[in-house]
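Engineer: Here is the input, now give the coordinates:
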Amino acid sequence: MNESAPQLNFDLQTAWLRRFTSDAESNLKAFALRLKEALPEHVVILEKKPFLFGESKFTGVSVELGEHRYLLEIEKGRLQANVAMIVRGITLNTKRLDPAEWFAQLTAEAQRTTEYAKSLSQSLSTFMLS
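Structural biologist: Take a look at the predicted model:
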């Protein structure tokens, strides 16, 4: 196993957390927009809408990959992270996580999803060329 991979993940997580600590709301919004651009069908940008007038306020991001919904919100200037297990549209459980762990789990889930998509694409290509 590659020993530098865990160090890289740790370094990446701590860099994100330092960045989010400095200006959590604007950095989370930029992160959410980047996720939405990369995975438009899996990402929902969360906003709180005023009752009558005014602009919507950005509150967080939800990412649905596999059987999990990853929710990262800003509450009172702090990041709040949750992961819910979803089966057939029903939420079975929700766990509150440290934001660093949330980033690690989301990264791992995205990698698994990417590997599955590549494998499926290769299988389809092989089938079509046969």
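
Engineer: quick one, longest helix in this protein?
Structural biologist: Counting by DSSP state H, the longest helix found in the chain is helix 99-129.

Engineer: Buried ones in that one, by neighbour count?
Structural biologist: Applying a neighbour-count criterion of 16 or more other C-beta atoms under 10 Å, the buried positions in helix 99-129 are P99, A100, W102, F103, A104, Q105, L106, E109, A110. Bear in mind the C-beta positions are built from the backbone N, C-alpha and C, glycine included.

Engineer: how much space between T114 and A38?
Structural biologist: In this view, T114 and A38 are 11 Å apart by C-beta to C-beta, to the nearest Å.

Engineer: any idea how far Q105 is from S56?
Structural biologist: Taking C-beta to C-beta, one finds Q105 at 28 Å from S56.

Engineer: Low-confidence regions, the chain specifically.
Structural biologist: 1-10, 12-22, 130 (pLDDT under 70).

Engineer: residue boundaries of the strands in this protein?
Structural biologist: Ranges of strands in the chain, per DSSP state E, are 43-48, 57-65, 68-75, 78-87, 90-97.
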